[in-house]
Each structure stands twice: as structure tokens, then as C-alpha cells.
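In: Provided below for reference: sequence and predicted model.
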Amino acid sequence: QRQLVESGGGLVQPGGSLRLSCAASGFTLEHYHIGWFRQAPGKDREGVSCISSTDSTYYADSVKGRFTISRDNAKNTVDLQINSLKPEDTAVYYCSADRGSCFTKNREIWGRGTLVTVSS
């Protein structure tokens, strides 16, 4: 069974950093396009970043320069380093895998999410 598990969320002060991790089981992440998404309370889910199967990276304008996505094939994980956190970054963060592209809407696999709360 193909599964994704996110970790690394938590409570952090504005300006702080977190490193989120997306771990796969039952399949190899290397061959998938892995996206990070987030959903804030009362808002729609939005794409944050994606790394393609060829390691091209994409970022939403709101996170460019603050978020960095990376892949570790040996660990079968994709991480999201998030710096200079703002209260508006508060959301549940999900990772998702798809063999099509970074822009596939109906993605194959989703994790259950990890909560990031940015507050003083």
C-alpha cells in the first residue's frame, strides 16, 4: 500500500523556521512529482511547492525565497525547509505524490498532514 506521512510541524514564533518531512512507504518517491500543499482554517487548499521527478522545483509566489523543497532518494523522503515564518503560514501542510506532473489536479497519493502554527 502506497502511503505518505508528514512530520515536523509544530508551534513556532514569527520569523522562525521549521523543516517538514514527507516520508513514503510502499513506493519509491524518486519516480514521482512531489508537491507540498497547505490549508489554512476557512480557506481552500493551495499549492506551496513541488519537486518534479527530474528535480525541477516550483514555488508559490507567497513562499518564494522562504521555502526550499528537496528530495533525499536514499531516505525516500521529500523535505520542505520553511524559514522566516509568518502568521499567515499557519495551516495544515500536506504532501502529495503523482506520476503525471507537478500540476496534476487529481493527485494519486496524499498524506494526512502536519499542523504548522505561527504565533507569538
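Out: Thanks, I have it. Being a predicted model, the structure only gives us computed values, none of them experimental.
In: Nearest residue to the middle of this structure?
Out: residue 36 (2.6 Å; CA atoms, centre = their mean).
In: From residue 120, how far out is that one?
Out: Distance, residue 36 to residue 120, by CB to CB, to the nearest Å: 24 Å. No exception for glycine: its C-beta is placed from N, CA and C like everyone else's.
In: what do you get for residue 79?
Out: Taken as CB to CB, the span from residue 79 to residue 120 is 26 Å.
In: out of the two, which sits in the more crowded spot?
Out: More crowded of residue 79 and residue 120, by other CB atoms under 10 Å: residue 79, with 22 against 8.
In: Tell me who's in contact with the more buried one.
Out: Contacts for residue 79 were tallied using CB atoms under 8 Å, 6 or more residues apart in numbering; they are 8, 19-22, 69-72.
In: hang on, it in a strand?
Out: Yes - according to DSSP: H, G, I helix; E, B strand; the rest coil, the state of residue 79 is that of a strand.
In: measure it to residue 63 for me?
Out: 14 Å.
In: Show me just the buried residues among the contacts of residue 79.
Out: Buried members of these, counted by 16 or more other CB atoms under 10 Å: 8, 20-22, 69, 71.
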